[in-house]
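Enquirer: using only what follows, build the 3D model:
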Amino acid sequence: MRLENKIAVVTGGARGIGQAVSELFAQEGATVIIMDLLPQGQAVAEGINASGGKAEYHSISVTDKAAVENLFNQINAKYSRIDILINNAGITRDRTLEKMSEEEWDAVIEVNLKGVFICTQAVAPYMKENKYGRIVSAASNVGLRGNFGQTNYAATKAGVIAMAKTWTVELGKHGITANAIAPGFTMTDMVKEIPEEHFEAIKAGIPLRTVAQPIDIAYGYLYLASDEARFVSGICLTIDGGTSR
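Expert: Below is the predicted model:
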């Protein structure tokens, strides 16, 4: 198993890509700590445990610095290390530039950018102590090319990529890698709400003529979190069917 005996924290692990990551990591031998405000995170953890894996669920917001620091301290005390951090939690508040409110801007920045900062800052000391760590954060191909009505979201995802590159320089000497993943359209709950005619137009614009499933993205996270990627750091792995070619 590629993550045998690893301790992995997955933010936003209750549904969508985060759920796929949590379940795949558990199948590959990791003990998975799911952080999510959605209560179905408990069911995801119970499903993993019922199938022979190991998982915990904690209802904590990535924007709550004190709660995040307390949880990571508890995890380290219990398992003596935190090997992997998957910064997956994120939200959207789409609106065109001229119509976007300050509240909509702030909400997305708070979760998608500041939340990644808070969690990574909290986990870094434990990874440094053990001279090992894998940090993989959720960017988006929107952070590479922009998208109509997503000024706030695109800004956060571009920022996530820049932070990963910065952490590569700062933490690399401690045996810690930092990378980002940029998914394209993926069959999550948000995408399922798109009207059929728009959805077909989206597929037509993807060279592979299909939309990713969450597991497609999860396999990218698995690679970057594994020892197979021990010499891979500071990259943004784009998984979007060739859209951002």
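Enquirer: all contacts plus neighbour counts: C-alpha atoms, from now on.
Expert: Fine.
Enquirer: roughly how far apart are residue 120 and residue 245?
Expert: 30 Å (C-alpha to C-alpha, to the nearest Å).
Enquirer: ok, those two, which is more surrounded?
Expert: residue 120 (21 against 7; other C-alpha atoms under 10 Å).
Enquirer: what sits against the more buried one?
Expert: By C-alpha atoms under 8 Å, 6 or more residues apart in numbering, the contact list for residue 120 reads 85, 135.
Enquirer: buried ones in the one helix or strand it maps to?
Expert: If you go by DSSP states H and E, residue 120 is part of helix 115-130. Neighbour counts using 16 or more other C-alpha atoms under 10 Å place 115-120, 122-124, 126-128 of helix 115-130 among the buried residues.
Enquirer: would you map the strands across this protein?
Expert: 7-11, 31-35, 54-58, 84-87, 133-138, 176-183, 236-239 (DSSP state E).
Enquirer: what is the fifth one packed up against?
Expert: Yep, that's strand 133-138 we're talking about. strand 84-87, helix 115-130, helix 151-171, strand 176-183, helix 214-225 (3 or more C-alpha pairs under 8 Å, 6 or more residues apart in numbering; DSSP states H and E).
Enquirer: before we move on, what about the second one?
Expert: Taking 3+ C-alpha pairs under 8 Å, 6+ apart as contact, the helices and strands that strand 31-35 lies on are strand 7-11, helix 16-27, helix 40-50, strand 54-58.
Enquirer: need these in CSV (columns: mean pLDDT and mean neighbour count).
Expert: Below are these laid out as CSV (pLDDT from 0 to 100; neighbours: other C-alpha atoms under 10 Å):
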stretch, mean pLDDT, mean neighbour count
strand 7-11, 99, 27
helix 16-27, 98, 25
helix 40-50, 98, 18
strand 54-58, 98, 21
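Enquirer: of all those, which lies closest to residue 154?
Expert: Taking C-alpha to C-alpha, helix 16-27 is the member of these nearest to residue 154, at 18.3 Å.
Enquirer: now for that closest one, which elements pack on it?
Expert: Checking 3+ C-alpha pairs under 8 Å, 6+ apart, helix 16-27 ends up next to strand 7-11, strand 31-35, helix 40-50, helix 214-225.
Enquirer: what's next to it, contact-wise?
Expert: In contact with helix 16-27 (C-alpha under 8 Å, 6+ apart) are residues 1, 3, 8, 10-13, 31-32, 34, 44, 48, 53-55, 88-89, 187-189, 214-215, 217-219, 221-222.
Enquirer: which stretch among the strands of the chain comes nearest residue 64?
Expert: From those, taking C-alpha to C-alpha, the stretch that ends up closest is strand 31-35, at 11.7 Å.
Enquirer: partner strands of the closest one, with direction?
Expert: strand 7-11 (parallel), strand 54-58 (parallel) (DSSP bridges).
Enquirer: got CSV for these, with distance to residue 162 too?
Expert: Formatted as CSV, the strands paired with strand 31-35 follow (distance: least, C-alpha to C-alpha, whole Å):
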stretch, distance to residue 162
strand 7-11, 19
strand 54-58, 28
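Enquirer: of all those, which one is nearest residue 227?
Expert: Closest of the strands paired with strand 31-35 to residue 227 is strand 7-11, at 13.5 Å (criterion: C-alpha to C-alpha).
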